[in-house]
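Visitor: Pasting the sequence and the predicted coordinates here, then a few questions.
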Amino acid sequence: MNVIVIGSGAREHALCRLIGRSYLCEKLYCFPGNYGISQIAECKNISDTQDIIKECQKIKPDLVVIGPEDYLSKNLAGELRNLNISVFGPNNEGANLESSKEFMKEFCKSHDIPTAKSNTFLDFDSAKDYLEKNHGPIVVKYDGLAAGKGVFVCKDSEEAIAACSKIFIEKIFNKIDNKIIIEELLEGKELSYFTITDGNDYLNFGSAQDYKRIGDNDTGPNTGGMGTVSPAPILNEDLEQRIQTQIVLKTINGLKRDDIEFQGVLFFGIMVDQDNNPFLLEYNTRFGDPEIQSISLRLKSDFLSTLHATATKNLGYANIKFVSNKKSICLILATRGYPDDYPKNTIIDNLNNFENTEDFYIFHAATKLENNKVLSTGGRVLSIVSLNESYSKCRETVYEIANKIEWENKYFRRDIGSNL
Ligand code: AMP
Ligand code: GLY
């Protein structure tokens, strides 16, 4: 098969590694990709949606796999399907589960999926009115895609009013018409859970725990994710059963009932309360970054055949297997300063000294090669992943390598997978 992966991060590097090693893969492209990806796929510097469509018409791939959510919400998958190209990733209607919090909330209400109680507001005054009558901790969410920056977990209504002001008055998301959701704050432990579906059949694709804050012990601002452990340590049999019946099955049946086609992955962000009850925090309609980096090393079955079966609605014939009794940890190396301002084009000296193996891999999120030097080009730059029989052994490996990488501007959390 000829396959095109769309995207340029460490998630897409992990997807390319899994696809490229499949016995079914003849030729692998990544648009636009990055330096790390270019070592295992042919990268083309194409990122505009219409340019991607034109290139796909030329290459006529057997499968296109879309990594990032913004392409899905712009209906890249739908446009490619209209050209009879098989795609892994939902049309914009299915992607709405992620790109509109209001849509997600309505969907949960209508299909009886447990989630925090919420209200929608279209202007600052009515949100402020509501918050003045409802004190205590509360969560304010911008309705649209915001690259992980649209959620404000507030300790009181004063903080929540300030968040509303940022969205409605300062217009930090650059939209003329803003919409927000205000919802109750849920307490508990979080996990990321994945299910691949062709709209009819579905297969579970594992779990992970994401460390979202920039600082050790979950301090400082939220980021895209500073590390993951997989499987999620809190996932036991009872919890998985509850997630399956109360969230996964109801979502798949809900999509069918609402006539929403969906060929791709559902990524459930879940809060688990102290009685082991799962509540859906959010849907994502693509693989998690950095979740997939850690999950990918545990996968034993052929990934490309699963993706292709999904895109062609043959998932009933596919299977997914993970290595038994092994854990994995992904540690993110970011440029110091992230998620605020940080320097670009800093030199990473010895990156090519580390050899990737079956149970160790360095995925690139933002690198380029210039004059024979590897340069950082973004905030989150590398994902170091280790697979081993215990979380603590994985920790030893990822931290050993993180310390050895010679890069003056590197920053990483010290507590990924600690206490496990
Ligand atoms: P979301 O993008 O909706 O997953 O939100 C990002 C992060 O905000 C989540 O991973 C949670 O840590 C936090 N969060 C979102 N909604 C809630 C909620 N209702 N209660 C507590 N924390 C939340
Ligand atoms: N790691 C969270 C996400 O991919 O949205």
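Guide: Perfect, I can see it now. Small disclaimer: the values here were computed from a predicted structure and weren't measured. Numbering: from 1, shown residues only. Ligands and ions are numbered 1, 2, ... in the order given.

Visitor: which one's the longest helix in the protein?
Guide: The longest helix of the chain (DSSP state H) is helix 391-404.

Visitor: Alpha carbons of it, as PDB, please.
Guide: Taking Å, rounded to 0.1, in the frame of the first residue of the first chain, the C-alpha atoms of helix 391-404 are listed here in PDB:
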ATOM      1  CA  TYR A 391       7.300   1.600  35.000                       C
ATOM      2  CA  SER A 392      10.400   2.100  37.100                       C
ATOM      3  CA  LYS A 393      12.600   0.400  34.500                       C
ATOM      4  CA  CYS A 394      11.100   2.600  31.800                       C
ATOM      5  CA  ARG A 395      11.800   5.600  34.000                       C
ATOM      6  CA  GLU A 396      15.400   4.700  34.400                       C
ATOM      7  CA  THR A 397      15.900   4.500  30.600                       C
ATOM      8  CA  VAL A 398      14.100   7.700  29.600                       C
ATOM      9  CA  TYR A 399      15.800   9.800  32.300                       C
ATOM     10  CA  GLU A 400      19.200   8.400  31.500                       C
ATOM     11  CA  ILE A 401      18.800   9.400  27.900                       C
ATOM     12  CA  ALA A 402      17.200  12.800  28.700                       C
ATOM     13  CA  ASN A 403      20.200  13.600  30.900                       C
ATOM     14  CA  LYS A 404      22.700  12.500  28.100                       C
END
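
Visitor: which ones are touching residue 390?
Guide: The contact partners of residue 390, by CB atoms under 8 Å, 6 or more residues apart in numbering, come to residue 327. Where C-beta positions appear, they are placed from N, C-alpha and C, glycine not excepted.

Visitor: ok, the closest residue to residue 222 other than its chain neighbours to residue 282 distance?
Guide: Setting aside the residues directly before and after it, residue 222 is nearest to residue 212 in space (CB to CB, 6 or more residues apart in numbering), at 5.1 Å. According to CB to CB, to the nearest Å, residue 212 stands 12 Å off from residue 282.

Visitor: residues in the protein within reach of ligand 1, list them.
Guide: Within the chain, the positions lying close to ligand 1 (CB under 6 Å from any ligand atom) are 116, 139, 151, 153, 183, 185-186, 190, 212, 269, 281-282.

Visitor: residues near the residue nearest to residue 398 when sequence neighbours are not counted, how many?
Guide: Distances taken as CB to CB, 6+ apart put residue 331 closest to residue 398, at 4.1 Å, once the chain neighbours are dropped. Counted with other CB atoms under 10 Å, residues neighbouring residue 331 total 29.

Visitor: same thing with residue 71?
Guide: Neighbours of residue 71 under the rule other CB under 10 Å: 21.

Visitor: What of residue 337?
Guide: When counting by other CB under 10 Å, one arrives at 12 neighbours for residue 337.

Visitor: Residue 324 now?
Guide: Residues near residue 324, counting by other CB under 10 Å, number 7.

Visitor: now it: how far from residue 214?
Guide: Distance, residue 324 to residue 214, using CB to CB: 34 Å.

Visitor: ok so, going back, I'd like the residues of the chain next to ligand 1 written out as TSV, with distance to ligand 2, secondary structure and neighbour count added.
Guide: Shown next, in TSV, are the residues of the chain next to ligand 1 (distance: CB to the nearest ligand atom, whole Å; DSSP: H, G, I helix; E, B strand; the rest coil; neighbours: other CB atoms under 10 Å):
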residue	distance to ligand 2	secondary structure	neighbour count
116	18	coil	19
139	16	strand	19
151	11	strand	18
153	15	strand	15
183	18	strand	20
185	19	coil	13
186	17	coil	20
190	10	strand	16
212	7	coil	17
269	7	strand	17
281	11	strand	19
282	8	strand	17
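
Visitor: which residue ranges form the helices in the chain?
Guide: Applying DSSP H to the chain gives helices spanning 10-20, 49-59, 69-73, 76-82, 92-99, 101-110, 124-133, 157-168, 237-243, 249-257, 291-298, 303-311, 391-404.

Visitor: out of the ones you listed, which comes closest to ligand 2?
Guide: Closest of those to ligand 2 is helix 291-298, at 5.5 Å (criterion: CB to the nearest ligand atom).

Visitor: Using CSV, write down the CA coordinates of that closest one.
Guide: What follows is helix 291-298, C-alpha atoms only, in CSV (Å, rounded to 0.1, in the frame of the first residue of the first chain):
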residue,chain,number,x,y,z
GLU,A,291,-0.3,9.2,24.4
ILE,A,292,0.3,7.5,21.1
GLN,A,293,4.0,7.7,21.5
SER,A,294,3.9,5.5,24.6
ILE,A,295,1.0,3.3,23.4
SER,A,296,2.8,2.7,20.1
LEU,A,297,5.7,0.8,21.6
ARG,A,298,3.3,-1.7,23.3
